[in-house]
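**Student:** One predicted model, sequence on top.
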Amino acid sequence: MHGDKEGVVVKVLAISGSLRAASLNTAMLRTLMHIAPSDIDIEMSPSIGELPLFNPDIEYPSPTAVVGFRQKIIAADALIIASPEYAHGVTGAMKNALDWMVGNESFVNKPVAVFNTSPRASHAHGALIETLSVMSAHIVTNACVVLPIVGFGLTEVDVVAHPEISDTVRSALMALREAIDRVV
């Protein structure tokens, strides 16, 4: 957090579980920068595709990309994660990124919101929340949302302008902000 007591700005790291250039999950996370109130600073995480495959034999010392990712997580006041569903689970890239963080305390008590851009992706959504819970993340249930974006052809501009979606996102961000304030 930074700023004076009245104008405290919280730092939220947005992590996409997709490697696709045209990912709706990544696009949704980018829209947060336009929807978020001024006291919430959203930063996009570097692509988790830059992380090597998890291997305990090279965990200590960790590869540079892993160290950078871990430092971004630790520096954030909270996280928002959005991941597509593949074969009823989270993407391999998302699972790999989380596997790198299991051996450290970067997620312990960290407020986390999980966004889902497809109502059909319930398996991955639940699996992601379960994995994060095992990692001792503080899942902010009121900030976890399912947004009906898949199949509607919405652009980032459309998402920002869509009243129902942008209101849902603002409410989720406020719930995440409240959880951050309770931790501090």
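**Tutor:** Yes, it's here.
**Student:** In three-state terms, label residue 14 for me.
**Tutor:** Using DSSP: H, G, I helix; E, B strand; the rest coil, the structure places residue 14 in strand.
**Student:** Then residue 11?
**Tutor:** Quick answer, by three-state DSSP: residue 11 is strand.
**Student:** What's opposite it in the beta bridge?
**Tutor:** In this entry, residue 11 is beta-bridged to residue 41, by DSSP bridges.
**Student:** wait, isn't it in contact with residue 77?
**Tutor:** Yes - with contact defined as Cβ atoms under 8 Å, residue 11 reaches residue 77; the gap is 5.0 Å. In this view, the C-beta of every residue, glycine as well, is placed from N, C-alpha and C.
**Student:** Out of these two, name the residue with the larger neighbour count.
**Tutor:** residue 77 (23 against 16; other Cβ atoms under 10 Å).
**Student:** Now that we're looking at the closest residue to the more buried one other than its chain neighbours, what pLDDT does it have?
**Tutor:** Excluding the flanking residues, the one nearest residue 77 by Cβ to Cβ, 6 or more residues apart in numbering is residue 10, at 4.3 Å. At residue 10, the pLDDT value in this model is 97.
**Student:** just the strands in the protein please.
**Tutor:** Secondary structure of the chain (DSSP state E): strands at 10-16, 40-44, 78-82, 85-86, 89-90, 111-116, 138-139, 145-146.
**Student:** can I get the ones you listed in TSV with distance to residue 56?
**Tutor:** Listed next are the strands of the chain as TSV, based on distance: least, Cβ to Cβ, whole Å:
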stretch	distance to residue 56
strand 10-16	22
strand 40-44	29
strand 78-82	23
strand 85-86	24
strand 89-90	20
strand 111-116	24
strand 138-139	26
strand 145-146	34
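**Student:** hey, least reliable of those by pLDDT?
**Tutor:** Note on the strands of the chain: lowest mean pLDDT is at strand 85-86, with a mean of 88.
**Student:** outside of it, which residues touch it?
**Tutor:** 92, 118, 120, 121, 122, 123, 124, 125 (Cβ atoms under 8 Å, 6 or more residues apart in numbering).
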